[in-house]
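>>> Would you be able to build a 3D model of this:
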Amino acid sequence: MNDMKEIRQEDMDMLCSIWKQENIDVNFIKCYTIKEDGEGFVHTITKPVYVYAVKGSGYMQLHSNKHNLKKFQLFHIGNANKICIESFEEGLEYYYIEYKLGRNSIYDKKSLAAKHRIKPLLWNYKMTFENPLFILQLLKQMEKSFQRNTLMEAFGLKALFYQFLDRIAQDSIRDCVCNENSDIVCQALKFMKQEQGRQIIIQDLLDELGISSSHLNRLFKQMTGKSPKEYLVMLRLNSAKIRLLKTEDNLKDIAIACGYADEYQFNRTFKKHIGIAPSGYRNLIAKNRYNTGQYIQLNPKRVAIQYLIGDVLALGVVPVGITEIYEGAVFQDNLNESIILGHQSSWNKEMLAMLEPDLIITVDSDKYHEFSEVAPTLYIPYEILSKEERILLLGTVLNKPEEAKTVLSEYHNKRSVAREKLKKAGLYQSTFSIIEGDLENVSIMGNIFGCGATLYRELLLRASEITQKSVLDKGYGVDRIDLEKLQRYGGDYIIHNKYNGMDDITANEIWHTIPAIKKKHVIDMDFGLNYYSDILSTNAQIDYIVSQLTEMDELMT
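Numbers count the residues shown, from 1 in each chain. Here you go, the predicted structure:
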């Protein structure tokens, strides 16, 4: 006989109704530990209780049934005289929380209506939480408050217990089951996202998950491409960027809100990873607030844009003025009616004025004020903003918010599929280099723009060791080296940028000494496909890189 009730939406509504109307207090809370081969515990049930396993595994005897107690699984027992809890070989740690309804509660009344009203408190049920580590932290605070036993702590305990009940209500109808490895990472990710404003110590996270640092690092990198520490830094910096953009909070308040100990630590970390101080980042974005008194039309039609041409095309806007288009660009056949104004450095307000634009989008901060004399101007620091931030910003400015969401959704799907293909081919164990050059000098591409950003940031493929140290870690978009040094920079695979008329680097004997070239692990790519950072180009780069790599893999097997 199954003595556990399956909680549906209407059941949770009934429980929430009781929690809302009744005065509920924690009567007792304690964390019990059963050591390996140790004796279990027998609990006499006089009031409703929650049992939450936090380490190890075991089972709970309820009536004539045995229920497995798995880590981070919650049981509610309302209908029983006693429960017996035993551990398996590795031991078991669990929280036991007994609660009661306050004075003058319907719980104390004897009428049939009152008995029916409290019936949900007598249910036996089980569930899992979406963020179990947050629940664990909550229970630890509750136990401390209960042990201190002061009036203030009693009030805090009640508040914490209502948070606990709220999480039950929110998570009870969700499917929170994952496989073992992804579950560990899911738990860590959810905890980081919810608690990023606190000063999280990674070691505390390891202790709660009960795994080693190397194991968590390996699982994290497999799923996110980053270590736990790197991912936490990314979360905090993204949160900081949003606050810098959308609030007028001072840097000290932003630092504390994002989990930094002080403003100095925040400044140092932000500049190291973003390449600019927080105040400088805010000032850059502030240039786009149209303090010239000009305002962008609701639906700008005549748009002039530099470099990020594919972004506006993806949103359904064909620009009137653009920068140069290199051969091989994914959009080279879609701009017959657009006027090419040359490289962005050659743009001036006179040539722009001839186009009569109602919006100018520039990637050159030095030209912002000059262009603003012609039409409302938007400066986009594409090397700083994420692809998502950039597309959503353009979607807002161009009055294409839904189109922007669709474009990003399709892009995220494509990227996920691509990563999975690369993973199946075992390519995340390999290293990659992007090379462009002639018979004398060679450029090694970083991860700031174009194919480099796609390869390393979006597909999460690894650079060769010296490329990582000499280019990526230093924040270079590109680094020039002598041809003689090329062999040191070559990864297991090489992407070779080419354009018509360039000297043929393959004619130099040094080229043929590179191990990747000997193994034919080289992808030739048109410069025009490689160069751009817009979302149409990124999509095309992903398709081309993945197809070329998987074809190589099939030929080798």
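
>>> does the most centrally placed residue in the chain sit in a helix, a strand or a coil?
Nearest to the geometric centre of the chain sits Leu235, at 6.8 Å (CA atoms, centre = their mean). At Leu235, secondary structure determined by DSSP: H, G, I helix; E, B strand; the rest coil is helix.

>>> Could you verify my assumption that it touches Met192?
Yes: the pair Leu235 / Met192 is scored as a contact, 5.9 Å apart, by CB atoms under 8 Å. Using the backbone N, CA and C atoms, a C-beta is placed for each residue, glycine as well.

>>> where in the stretch 451-557 of the chain is pLDDT low?
Counting by pLDDT under 70, the ranges of the stretch 451-557 of the chain that qualify are 554-557.

>>> residue ranges of the helices in it, please?
Counting by DSSP state H, counting those that start in this stretch, the stretch 451-557 of the chain has helices at residues 465-467, 486-489, 515-518, 527-531, 535-556.

>>> Distance to Glu327 added to those, as TSV?
Putting the helices of the stretch 451-557 of the chain into TSV (distance: least, CB to CB, whole Å) gives the following:
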stretch	distance to Glu327
helix 465-467	26
helix 486-489	25
helix 515-518	24
helix 527-531	5
helix 535-556	13
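
>>> export those to CSV and tack on distance to Ile448 and mean neighbour count?
Formatted as CSV, the helices of the stretch 451-557 of the chain follow (distance: least, CB to CB, whole Å; neighbours: other CB atoms under 10 Å):
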stretch, distance to Ile448, mean neighbour count
helix 465-467, 13, 19
helix 486-489, 17, 18
helix 515-518, 23, 15
helix 527-531, 12, 21
helix 535-556, 13, 18
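
>>> mind listing what Tyr32 touches?
Counting by CB atoms under 8 Å, 6 or more residues apart in numbering, Tyr32 touches Phe41, Ile85, Glu93, Tyr94, Tyr95, Tyr96.

>>> Go through those and name the one nearest Tyr368.
Nearest to Tyr368, judged by CB to CB, of the contacts of Tyr32 is Tyr95 at 57.1 Å.

>>> Check the chain for its longest strand and report it.
The single longest strand within the chain, with elements called by DSSP state E, is strand 82-101.

>>> Can you give the strand pairings for it, parallel or anti for each?
Taking DSSP bridges as the criterion, strand 82-101 pairs within the sheet with strand 24-34 (antiparallel), strand 41-44 (antiparallel), strand 49-62 (antiparallel).

>>> now Ala314: how far from Leu308?
Ala314 is 10 Å from Leu308, where distance means CB to CB, to the nearest Å.

>>> Overlap in contacts, the two.
Contacts common to Ala314 and Leu308, judged by CB under 8 Å, 6+ apart, are Asp534.

>>> any idea how this protein splits into domains?
Residue ranges for the domains of the chain, per automatic domain parsing: 9-171, 180-286, 290-399, 413-556.

>>> So which of the helices of the stretch 451-557 of the chain is nearest His215?
His215 lies closest, by CB to CB, to one member of the helices of the stretch 451-557 of the chain: helix 465-467, at 23.8 Å.

>>> what's the burial count for Val363?
Using other CB atoms under 10 Å, Val363 is surrounded by 18 other residues.

>>> got the contact list for it?
Counting by CB under 8 Å, 6+ apart, Val363 touches Gln306, Tyr307, Leu308, Gln344, Tyr379, Ile380, Pro381, Tyr382.

>>> Would you mind measuring from it to Phe449?
Distance of Val363 to Phe449, computed by CB to CB: 10 Å.

>>> Spell out which residues are contacts of both of those two.
Shared contacts of Val363 and Phe449, defined by CB under 8 Å, 6+ apart, are found at Tyr382.

>>> Now go through the contacts of Val363 and say which are in strands.
Among these, the residues falling in strands (DSSP E) are Tyr379.

>>> Mind putting the contacts of Val363 into TSV with distance to Arg462 and pLDDT?
Shown next, in TSV, are the contacts of Val363 (distance: CB to CB, whole Å; pLDDT from 0 to 100):
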residue	distance to Arg462	pLDDT
Gln306	31	96
Tyr307	27	96
Leu308	27	97
Gln344	31	88
Tyr379	33	87
Ile380	29	89
Pro381	26	86
Tyr382	23	85
